[in-house]
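Q: sequence and predicted structure, then a few things I'm wondering about:
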Amino acid sequence: MASGNPCFMKTILVPTDFSTCALAGLRFAYPLAFRTGSQLILMHSLDVVPPTFMHSHPMHH
C-alpha cells in the first residue's frame, strides 16, 4: 500500500506495441502495480504521418 514516501509510485505507464517484448513488460508491471496499489495505464500510440500530395505535373482542365 502507498506510504507517506513522496517518491512512491502512484501510476505505472506501460507502453505497448503488442509485441512479445511489450507483453513481458506488462507481465512485470501488473503484479508490481497490484502490490503497490498503483494505477496501471497501458498505452499504445501511433505515429501518424499526414498524407503527402505529390504533383509532378500541373493539373490542366
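A: Alright, I've got the coordinates. The structure presented is a predicted model; accordingly, all values stated were derived computationally and were not measured. Numbers count the residues shown, from 1 in each chain.

Q: could you count how many residues lie near K10?
A: 9 (other CB atoms under 10 Å). From N, CA and C alone the C-beta is placed, and that goes for glycine too.

Q: may I have the phi/psi pair for it?
A: phi -100, psi -30 (degrees, to the nearest 10).

Q: which residue is the nearest non-sequential neighbour of it?
A: Nearest non-adjacent residue to K10, counting by CB to CB, 6 or more residues apart in numbering: S38, 5.9 Å away.

Q: quick one, what contacts that neighbour?
A: S38 is in contact with M9, K10, T11, I12, L32, counting by CB atoms under 8 Å, 6 or more residues apart in numbering.

Q: kindly reformat those residues as CSV containing secondary structure.
A: Shown next, in CSV, are the contacts of S38 (DSSP: H, G, I helix; E, B strand; the rest coil):
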residue, secondary structure
M9, coil
K10, coil
T11, strand
I12, strand
L32, helix
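
Q: of those, which pair is most distant in space?
A: K10 and L32 (12.6 Å; CB to CB).

Q: about what we covered before: for T16, see how far away the residue nearest to K10 is.
A: Note on S38: its distance to T16, by CB to CB, to the nearest Å, is 17 Å.
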